[in-house]
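Q: here are the coordinates; sequence isn't available:
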């Protein structure tokens, strides 16, 4: 059983920033994440992937509708969906690898798996139980469902 000053459950923007600040203040720190990559919903399937695709779409719109007014001439671009998805995936990878680098740089242990609190001062990840003086829950939230809309991540 490992023992920590603080364990943060969740590695999204709240969790990883919290972990870094705790480690910078000299606390032995661990972060719990069940996904294969750090960064939570925002970096993995939410904000960042959406913004990458919106950026690419905006560039297409600019090329199709505004470039000629600026004197930029040439063949109109076409969409290669597989390449757009690859661009999105590369954007996600750069960001999640950046968070992982920050965890290593600040000597924060990544406890891979889903965390639970079986009793005060203990965090269970898989079959392992870790002690913590403080536990911070930064697990984010779940979206509300809308009638007629199926959420698929």
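A: Received, thanks. From a predicted model like this one, the values you see are computed outputs, not experimental measurements.

Q: in the chain, which residue is closest to the centre?
A: residue 39 (2.2 Å; CA atoms, centre = their mean).

Q: Quick check: pLDDT value at that one.
A: Per-residue pLDDT puts residue 39 at 94.

Q: Let me see the ranges of the helices in this structure.
A: Under the criterion DSSP state H, the chain contains helices at 13-24, 40-44, 47-61, 81-105.

Q: Now do the second one: which elements does it pack against?
A: What it means is helix 40-44. Judged by 3 or more CB pairs under 8 Å, 6 or more residues apart in numbering; DSSP states H and E, helix 40-44 is in contact with helix 13-24, helix 81-105. Using the backbone N, CA and C atoms, a C-beta is placed for each residue, glycine as well.

Q: what mean pLDDT would you report for the lengthiest strand in the chain?
A: Longest strand in the chain by number of residues, with DSSP state E as the criterion: strand 128-137. Mean pLDDT, strand 128-137: 97.
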